[in-house]
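> mind folding the following:
(3 chains)
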Amino acid sequence: MTFGKGHHLHLIDGSAFIFRAYHALPPLTRKSDGLPIGAVSGFCNMLQRYVEANTGDDAPTHVAVIFDKGSHTFRNEMYDQYKANREAMPEDLRPQIPLTREATIAFNIACEEKEGFEADDIIATLAVQARAAGGRCTIISSDKDLMQLVGDGVEMFDAMKNTRIDREGVHAKFGVYPESVVDVQALAGDSVDNVPGAPGIGIKTAALLINEYGDLEALLERAEEIKQPKRRQTLIDHAEQIRLSRKLVLLDENTPLDFTLDDLEVREPDPEKLLTFLAKMEFRTLTKRIADALDAEAPVIADAPPLPDAPKMADVPFDAEQYEHVGDTAALQKWINAIYEVGYVAVDTETTGLDEMTADLVGISLATAPGKACYIPLIHKANRGDDLFGGDELAEGQMPLEEALKILTPMLEDPAILKIGQNMKFDAKIFAQIGITVAPFDDTMLMSYAQHAGLHNHGMDALSERYLNHTPIPIKPLLGSGKSAITFDKVPLADAVKYAAEDADITLRLWQYLKPQLHTVQVTKVYETLERPLVPVLAAMERSGVKVDRDTLSRMSNAFAQKMAGLEDELYGLAGRKFNVGSPAQVGEILFDEMGLEGGKKGKTGKYATGADVLEDLATEHELPARVLDWRQLSKLKSTYTDALQDHINPDTGRVHTSYSIAGASTGRLASTDPNLQNIPIRSEEGRRIREAFVAEEGKTLVALDYSQIELRILAHIADIPALKEAFARGDDIHAMTASEMFDVPMDEMTSDIRRRAKAINFGVIYGISGFGLARNLRIPRAEAQGFIDRYFERFPGIRTYMDDTKKFAKEHGYVQTLFGRKIHTPEIASKGPRAGFAARAAINAPIQGTAADVIRRAMIRMPDAIADLPATMLLQVHDELLFEVEKGSEDKLIAAAREVMENANDPVVKLDVKLTVDAGTGANWAEAH
DNA sequence: GACATCACG
DNA sequence: GACGTACGTGATGTCC
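Model prediction:
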């Protein structure tokens, strides 16, 4: 049947169907394997509704669903910015795109696309062909870009609103008839597709001009005649840009197609094919509905296996006896071959200790499938080392270290082999010590963290119990504890093989479970852009370390010791007896029982509270609590900093190497341990001097860059507070502005005390403010504090909305999210009692703190490339600050490069209404640089 | 190992 | 209407 008079062609805009389906439905997943399926489900429903609605007299004789293909089209050749600001496709939609093609074919509807052409061009070409053949055409879409085609037998149909769009409909939308639509669009431009148009001219003005001058060329030629000076100038100045815009919006009616209208004839669906597809997708309701409609038997869809709460990976039971001891090159080569067959391998290293800077590699374990794992011991000793004689001999059954590494290194560095680890930063640092760069890799700890931050910890033991129902072999019995503890190289080989290989086996099984779950939970982007790429960056920073001057610390320790001794004598005199100043219990007894001071409050454990806030209140009246406070400050500085930091100076490097936990803090922040370099004193003058011991190497300088008020800026954006946003845009003192707004004090009459109160309130808001908390912080009556908060909400109403919405979201979903999609779970928000209060405040704080954490993570990930050409190293991160060491003379270049990265770290995935700004400082030590 | 305390953002 | 409350961390010393 040749398409001609009396025939009616339907063209369905496939992409529009997909996006509508995607956004209309919650993120559904296929029960059996977690494949995201929401958009496919919606798409099928829309197709079925379409089929049901088009059976009558006006049913089409021909029909096709038209899709876009490829993101690069001839329009990009004309204008490289075309559709440039379009957001990336959501991670969970991407895998559904091919399934919508499958669905169309399953419905037995023609499914057409062409590489390098937009669906709109194909639709234009077919519509014009149908019209030329004397038939009719209906375009199932409401896209305004297609409206230029309407008329003379071509109509559009908005399937959502169930309305036809004819020439009059187009006129209602554009103010002109279809033949002039491209002229109007060329002038008005389109922000969605990034078509520039004429600045300042919208659809209304454009229609006015076209109606007056006839068409675009006439208008541009006679632009001089326009009366309004601004409009005239715009058209003259941007004539070329407007002409380009017209080319961009004009659809190509001559798309070369490898099919004809006749190929699109309506066909009956094959019930078996269609139902098989729907059953495969596990659409229970839809399968039944369509089976009824087709008068066919609905296939049975098996119930999904129990996932994900109690996954039983018992198909392959754990059996430590099956693990292989690899002791020679032939055996190792067999493993390498097996790895190349599957393309991935779980890797775990055993070492002499937990400090990657000082630990030595003892052995390597590998796993390629559940239950299939081995251990390659490298430098195990022949005995436990408790033998007085001959403790250094190597055990039998080990190949020489170099020989093993010669075989393993190409695999570990092969871009085609994925290395899977649990906490890969540890293993990467161990390998880095011997010059091996492990890449590419996956990290099961970070996969768990990306999915379940806030729910549980992400150590191997916890994950193995939770997902594999298996308790890993404990390390304690192998190593012993206390003074008699041994290192792993002294563990007998038979035991070592079982323990080490099992770790690789567990890691591989965890990966098999957690990797597909990333999609289901929709945190693939988080894992791939915020977690995994941070590993090599942190590994490098930790290995760099920061130079700490032992003499400075040692002198300070001595000075503190002397002062403390003096204070102790003074305190004994005041108390009338000797006591342990470091014992809060004894301090409490002396203050409240022996001296009889008022206001002693006992806590849960029946002891008096003697925290700094309590002692500060007493210190105004009495000498003893004041001196205890002095002593405590010195004691803290000495024990935690000037003493302990000396012990952390690495003898080989002369530097201190902290370790950052990526998956520790629930909000996405890093945490620094062994030692913690994120809490080096700065607030007190005395403590701040400890930073003088953090120094630059000879010939170098320390550079510190920190985000200015990043959390408040993020709050201003997230809660959408115009007054705050404007203040940041002006560069105002944000706390003074808040104070001025709240207390009606003009900015030039601001006092430091009023500003201090406003500052406390600003921080309170970030923490999920309460009247009680603010009252305690400011030491004012609770009612007064509540008054401040009420006033704050009145002046900045978006804050209350944000807090209420966030709590509601957390209660509904059990988690909250950062702007970058990081999920922070708050399970306790559902509980009763005070725990729910804690959880609610944490939920309010988490998106703000977490977004700030995401921002600096992004900056850190981009930093190595940005400063690659500079003689500079990134050393430390302190939540909103980055510390660098740079050769003298290159400070300015470093600051410029690093600031650029930090201030734009949100780009391009998140647009912020508030600019991020970064302050910089330089100096020979950290005190100067900050 | 729990608890209190205090250092940081 | 009472209940307890600022958010997120890590290290240290005391005491059981």
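> which residues of the stretch 551-700 of chain A lie near DNA strand B?
Counting by C-beta under 7 Å from any atom of the strand, the residues of the stretch 551-700 of chain A lying close to DNA strand B are A:584, A:588, A:603-605, A:607, A:609-612, A:615, A:629, A:632-633, A:636-637, A:640, A:678-684, A:687-688. Where you see a C-beta, it was placed from the backbone N, CA and C, and this is true even at glycine.
> next one: chain A
Proximity of chain A to DNA strand B is confined to A:584, A:588, A:603-605, A:607, A:609-612, A:615, A:629, A:632-633, A:636-637, A:640, A:678-684, A:687-688, A:849, A:878-881 under the rule C-beta under 7 Å from any atom of the strand.
> residue A:426 versus the residue in the stretch 251-400 of chain A positioned nearest to DNA strand B, what's the distance?
Of all residues in the stretch 251-400 of chain A, residue A:354 sits closest to DNA strand B, at 15.6 Å by C-beta to the nearest atom of the strand. Using C-beta to C-beta, to the nearest Å, one gets 8 Å for the distance from residue A:354 to residue A:426.
> those two: which is more packed in?
residue A:426 (20 against 10; other C-beta atoms under 10 Å).
> so what's the residue count around the closest residue to the more buried one other than its chain neighbours?
Nearest in space to residue A:426, with sequence neighbours left out and distances taken as C-beta to C-beta, 6 or more residues apart in numbering, is residue A:356 at 5.9 Å. Using other C-beta under 10 Å, the number of residues around residue A:356 comes to 22.
> helix/strand/coil for residue A:706?
Reducing the assignment at residue A:706 to three states with DSSP: H, G, I helix; E, B strand; the rest coil gives strand.
> how close does it get to residue A:170?
When residue A:706 is compared with residue A:170 (using C-beta to C-beta), they lie 55 Å apart.
> the most centrally placed residue in chain A: which element?
Compute the mean C-alpha point of chain A, and by C-alpha atoms, centre = their mean the closest residue is residue A:526, 3.5 Å away. Using DSSP states H and E, residue A:526 sits within helix A:524-526.
> so which of the residues of chain A next to DNA strand B belong to strands?
Counting by DSSP state E, the residues of chain A next to DNA strand B place residue A:881 in strands.
> any of the residues of chain A next to DNA strand B buried? List them.
Applying 16 or more other C-beta atoms under 10 Å to these, the neighbour count classes A:584, A:588, A:607, A:610, A:615, A:629, A:632-633, A:637, A:640, A:678, A:680-681, A:687, A:849, A:878-881 as buried.
> taking the residues you listed one by one, which sit in helices?
A:584, A:588, A:615, A:629, A:632-633, A:687, A:849 (DSSP state H).
> against DNA strand C, which of those residues make the cut? List them.
Residues of those in contact with DNA strand C (C-beta under 7 Å from any atom of the strand): residue A:849.
> find the pair from the ones in helices among the buried ones among the residues of chain A next to DNA strand B with maximum spatial separation.
Pairwise distances across those peak at 34.0 Å for A:588 and A:849 (criterion: C-beta to C-beta).
> in contact with the residue nearest to residue A:37 when sequence neighbours are not counted, which residues are there?
Counting by C-beta to C-beta, 6+ apart, residue A:37 lies nearest to residue A:30, which is 4.8 Å off, once chain neighbours are set aside. With contact set as C-beta atoms under 8 Å, 6 or more residues apart in numbering, residue A:30 has these partners: A:36-37, A:281-282.
> what about the nearest residue to residue A:578 once chain neighbours are set aside, is that helix, strand or coil?
Distances taken as C-beta to C-beta, 6+ apart put residue A:572 closest to residue A:578, at 5.1 Å, once the chain neighbours are dropped. When classified by three-state DSSP, residue A:572 comes out as helix.
> am I right that residue A:572 is in contact with residue A:590?
No. In this structure, residue A:572 is not within contact of residue A:590 by C-beta atoms under 8 Å, at 10.3 Å.
> what sits in contact with each of these two?
Both residue A:572 and residue A:590 are contacted by residue A:579, under the criterion C-beta under 8 Å, 6+ apart.
> who's more crowded, these two?
residue A:590 (23 against 13).
> tell me if I'm right that that one and residue A:622 touch.
No. If you go by C-beta under 8 Å, residue A:590 and residue A:622 don't touch, sitting 11.0 Å apart.
> what's the burial count for residue A:673?
Applying other C-beta under 10 Å, we find 12 residues neighbouring residue A:673.
> that one and DNA strand C, how far apart?
According to C-beta to the nearest atom of the strand, to the nearest Å, residue A:673 stands 4 Å off from DNA strand C.
> list the residues that contact that residue.
Counting by C-beta under 8 Å, 6+ apart, residue A:673 touches A:658-661.
> list the beta-bridge partners for it.
Per DSSP bridges, the residues bridged to residue A:673 are residue A:659.
> state the distance from it to DNA strand B.
Using C-beta to the nearest atom of the strand, residue A:673 is found at 12 Å from DNA strand B.
> what do you get for residue A:21?
According to C-beta to the nearest atom of the strand, residue A:21 stands 41 Å off from DNA strand B.
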